[in-house]
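Peer 1: Dropping the sequence and predicted coords here.
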Amino acid sequence: MSATEFTDDMDAIRQIFFDECDEQLALLEEELTTLSDEPEDKEKINTIFRCVHSIKGGAAAFGMEELVKFSHLFESVLDLFRSGALSVTAESIATFLKCKDALFDIVTAFKNEGTACEAASDTVAELERYLDSGAPEPEPSPEDVEMDDIFGMAFAPVKIEIEAPVDQRFSISLRVTTEFYERGDDVRNILIALKGLGALQVEVDTDAVPLIGDISPERSYLTWNLLLETQKSRGDVEEIFEWSGDDLQATVTLIADNVADGPASLPVEVEEKIDLQIKKPAERKESATVRVDIQRIDKLVDLIGELVINQGAIQSQMRRNKVHGDSVLGNVVTAQEQLIHELQENVITMRAYPIKTVFQKLGRVVRETARLTEKQVRLVLEGEDTEVDRSILEKLSDPLTHMVRNAIDHGIESPQARSLAGKDPEGLLRLRAFQRSGRIIVEIQDDGAGLDADRIYEKAVEKKIIERGQRLDREEIYSLIFEPGFSTVAEVTDVSGRGVGMDVVKQSLQQINGRIFISSAKGKGTTFSISLPFTLSVIEGIIFKAEGQDFVIPVNNVLETIIFDAKKAFHVGEGKYGYPYRDGYLSVIYASDIIGTSSDGLNQKICFVIENENEEKLAFIVDKIIDHSRFVVKNLEDNYRKIACFSTATILGDGNVAFILDVEFLFGELLKKREGSLEERV
Amino acid sequence: MIMEKALVFSLGSQEFSVQISAVKEIKEWAKATPFPAAPAFVEGVVNVRGSVIPLVNMAQMMGVSDDNDEKKAIIFLKDDKKIIGFSVSNVTDISDIDEEDFRPLPELSSDNLKYYSNGILSLGGRLVFSVNVSSLFEGSLQ
């Protein structure tokens, strides 16, 4: 193996460790935030302990000393709670959360810079106070405990009373079942963990290995006889085996200290060469999951996209050859279509992650923002298991962080003000995710002061976003906060106003086809609802023809489709037209204007009434509608670059490419036309 | 003496070559889906097994075109990130080349030619302009 390959390998393993740290930290956050509901729940403390413990284990393997040091301290304090020497209070939960944040910082520092960062000294001091106050009463322990008992007790290891740390000798016999390997575990992990406790001698008993012809390659025949010299207690030793449950049959026997022959009792002294750096924490047993590189799933999604396109090709060939849909072939093809559709939905859900991963990061944002603004905030999460496509989730984190900060900074009042208003001094921030009619809704709800429509109106006038006297309804006034330039430097606070306004939030949500709505009641609070598509890889669209070419328009932007009557279009300026719609008039954009070919307009028969996020409408005139269907979205930037008016494309049944119209571009064109006429006047 | 393989193709009557390692595939020319506001040398986009790939008229982009040139083939080239299709008159052959075959361009060559080509290969009396793949990508994505 060459040196570079080796580094790549190490990097990959490091990456796995960091991935696992992220998982453990997320679990830690989840358990800690729910701990206050059930402070007596032993299993919770155990899980918390386990998380910290496995981070520590990995950190030791990679020589990340600061991380080991801090997690060890944290672990020792947790141990006091686990053993019942201390009991969980709101105060201690707060300390734990701080520690979790500190762990996160240290891990992040290692991940990004590869160097250490020290834990905040006040957090360390806080932990040390716990250690001083609650020194555990040593518990007597029986001489020998059957392994089964230990398993039953999960994480309540039995302590051995030790006056001063003395080396003890344990003789350990390990028998490994086939299931152990099937779970992807390795005896090596166990041995490495044991080696971490003290001097270890390993002997492999190969007596059970049959003749080569009788070997079943799947089966495990080996027994390991170990001799461990350690200062640790039996509980610590046995804890190592607990990960593997019943798949690992371990018998631990304490050899009396005065046994003279000591190591000699092992006839063969073979110390297995162990590369400590490849320690891999055992997987959590309860969830049967497989770690798959996301790129493989992306590839799968692409391939199924092609399958969908091929299916379309088959169907268009059938039509061309006049094969009836109710013929035998037609039925088979329809069944096939159904299967492919299901396959596609399944694979897309494989790429979905629970929104929990984003929500949990917000826990820290809430705590820090509350501290900076000196407010009391309780965060309540609902529907964290709602699944969202990874590509969307990645882009959701920043806008949500910003909105949560805003809600605390501008929404929730100070404890004093809240008490005066007769509210609980502790503000409530509720994050909720759920599915509604094929979209994911995320709500950020605070019980703060609510939006002040008059103030927003005044400020918008001041910032020249609207003109004084302009009549707007309440919702329209609220949505002014999304206008660029609404939040400005004048209101910079430590927390939200860092020059990034709600307009950026709205923009980043639009990139993932998200929509945002506000509802607010004065004195009662504000709710922001974000509506997101489940995936970005498939859209519902209408395929239409203009100038002989096929295009697709996303169906969620089409308010209505009406027959276009050219006689009703009226001239409102140079090359500009209006068209009656209901009791008003819409501006007209001809598809031929966009596509850039001159046209007599005689073919144009269909009018799409298009609406954008801001509820602006326009009439878009095309030649004819072909079909309404689901389209696999292909990004043009993958192999080319951004092009105006079409951000994405799709592949039709005949193998040709059709562009997907970017509706915002149409509104941009409208704006250009309007500005053009302003220039004419000047 | 480093041996390398090059794909030789023609634009009109002139022969050009690209290093074979950059060639993803070669297909028969087909009409691309045009899009508005595209540079004149971009014919549109094509579908190759589910990927949407731009199709660039190489002769037009390099300024060596004659509008009447026939286009028979598309050469798909790849760099580390993208795949771009280039329409060419025809694909001639694959040649072994070594360093000794390389000659610098004449001083008088146009800026465009100097940008896209890194030298002339003389392959048994044939005169072949060697084309820079990275320049082709830069030019196409403008």
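Peer 2: Yes, it's here. Residues are numbered from 1 along each chain as shown, chains lettered A, B, ... in the order given.
Peer 1: domain assignment for chain A?
Peer 2: What automatic domain parsing lists as the domains of chain A is A:3-133, A:147-278, A:294-351, A:353-533, A:538-681.
Peer 1: Format these as a markdown table; extra columns: distance to chain B and mean neighbour count.
Peer 2: Quick note: C-beta positions are derived from backbone N, CA and C, even for glycine. Formatted as a markdown table, these follow (distance: least, CB to the nearest CB, whole Å; neighbours: other CB atoms under 10 Å in any protein chain shown):
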| stretch | distance to chain B | mean neighbour count |
| --- | --- | --- |
| domain A:3-133 | 17 | 17 |
| domain A:147-278 | 30 | 15 |
| domain A:294-351 | 4 | 14 |
| domain A:353-533 | 17 | 17 |
| domain A:538-681 | 4 | 17 |
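Peer 1: Make JSON lines out of these and add mean pLDDT.
Peer 2: Conversion of those to JSON lines gives the following (pLDDT from 0 to 100):
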{"stretch": "domain A:3-133", "mean pLDDT": "79"}
{"stretch": "domain A:147-278", "mean pLDDT": "67"}
{"stretch": "domain A:294-351", "mean pLDDT": "84"}
{"stretch": "domain A:353-533", "mean pLDDT": "84"}
{"stretch": "domain A:538-681", "mean pLDDT": "83"}
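Peer 1: possible to save these as CSV with distance to A:A288?
Peer 2: Shown next, in CSV, are those (distance: least, CB to CB, whole Å):
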stretch, distance to A:A288
domain A:3-133, 15
domain A:147-278, 9
domain A:294-351, 15
domain A:353-533, 16
domain A:538-681, 28
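Peer 1: Quick one: closest of those to B:L105.
Peer 2: B:L105 lies closest, by CB to CB, to one member of the domains of chain A: domain A:538-681, at 29.1 Å.
Peer 1: residue in chain B nearest to chain A?
Peer 2: Among the residues of chain B, B:G50 lies closest to chain A, at 3.8 Å counting by CB to the nearest CB.
Peer 1: Excluding sequence neighbours, find me the nearest residue to that residue.
Peer 2: With CB to CB, 6 or more residues apart in numbering or on different chains as the criterion, B:G50 has its nearest non-adjacent residue at 3.8 Å, and that residue is A:E306.
Peer 1: element containing the one you found?
Peer 2: Here A:E306, judged by DSSP states H and E, is contained in helix A:294-320.
Peer 1: hmm, which helix or strand of chain B has the shakiest average pLDDT?
Peer 2: Every helix and strand in chain B was compared by mean pLDDT, DSSP states H and E; the lowest is strand B:102-103, with a mean of 87.
Peer 1: which other residues reach that one?
Peer 2: The list of residues contacting strand B:102-103 from outside it, by CB atoms under 8 Å, 6 or more residues apart in numbering or on different chains, reads B:G119, B:I120, B:L121, B:S122, B:S130.
Peer 1: how far out from the middle of the chain is that strand?
Peer 2: Centroid separation for strand B:102-103 versus its chain: 18 Å, with CA atoms, centre = their mean, to the nearest Å.
Peer 1: ditto for stretch A:450-467
Peer 2: With CA atoms, centre = their mean as the basis, stretch A:450-467 stands 36 Å off its chain's centre.
Peer 1: follow-up on the earlier one: nearest to B:V46, of the domains of chain A?
Peer 2: Taking CB to CB, domain A:538-681 is the member of the domains of chain A nearest to B:V46, at 6.6 Å.
Peer 1: what residue ranges in chain B score low on pLDDT?
Peer 2: Along chain B, the model assigns pLDDT under 70 to residues B:1-3, B:65-69.
Peer 1: Remind me what the helix holding A:E306 packs against, helices and strands.
Peer 2: Under the contact definition 3 or more CB pairs under 8 Å, 6 or more residues apart in numbering or on different chains; DSSP states H and E, helix A:294-320 sits against helix A:328-350, strand A:624-632.
Peer 1: packing partners for the first one?
Peer 2: Meaning helix A:328-350. So helix A:328-350, by 3+ CB pairs under 8 Å, 6+ apart, packs with helix A:294-320.
Peer 1: Recalculate using a threshold of 10 Å.
Peer 2: helix A:294-320, strand A:387-389, strand A:538-546, strand A:624-632 (3 or more CB pairs under 10 Å, 6 or more residues apart in numbering or on different chains; DSSP states H and E).
Peer 1: okay, it in PDB with CA atoms only?
Peer 2: Extracted C-alpha coordinates of helix A:328-350, given in PDB (Å, rounded to 0.1, in the frame of the first residue of the first chain):
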ATOM      1  CA  VAL A 328     -52.100  -7.200 -23.700                       C
ATOM      2  CA  LEU A 329     -49.000  -5.100 -24.400                       C
ATOM      3  CA  GLY A 330     -50.800  -2.000 -23.300                       C
ATOM      4  CA  ASN A 331     -51.700  -3.600 -19.900                       C
ATOM      5  CA  VAL A 332     -48.100  -4.800 -19.400                       C
ATOM      6  CA  VAL A 333     -46.700  -1.400 -20.100                       C
ATOM      7  CA  THR A 334     -49.200   0.300 -17.800                       C
ATOM      8  CA  ALA A 335     -48.300  -2.200 -15.000                       C
ATOM      9  CA  GLN A 336     -44.700  -1.500 -15.700                       C
ATOM     10  CA  GLU A 337     -45.300   2.200 -15.400                       C
ATOM     11  CA  GLN A 338     -46.900   1.700 -12.100                       C
ATOM     12  CA  LEU A 339     -44.000  -0.300 -10.800                       C
ATOM     13  CA  ILE A 340     -41.500   2.300 -12.000                       C
ATOM     14  CA  HIS A 341     -43.500   5.000 -10.400                       C
ATOM     15  CA  GLU A 342     -43.400   3.100  -7.100                       C
ATOM     16  CA  LEU A 343     -39.700   2.400  -7.500                       C
ATOM     17  CA  GLN A 344     -39.000   6.100  -8.000                       C
ATOM     18  CA  GLU A 345     -41.000   7.100  -5.000                       C
ATOM     19  CA  ASN A 346     -39.200   4.500  -2.900                       C
ATOM     20  CA  VAL A 347     -35.700   5.500  -4.000                       C
ATOM     21  CA  ILE A 348     -36.500   9.200  -3.400                       C
ATOM     22  CA  THR A 349     -37.600   8.400   0.100                       C
ATOM     23  CA  MET A 350     -34.200   6.700   0.600                       C
END
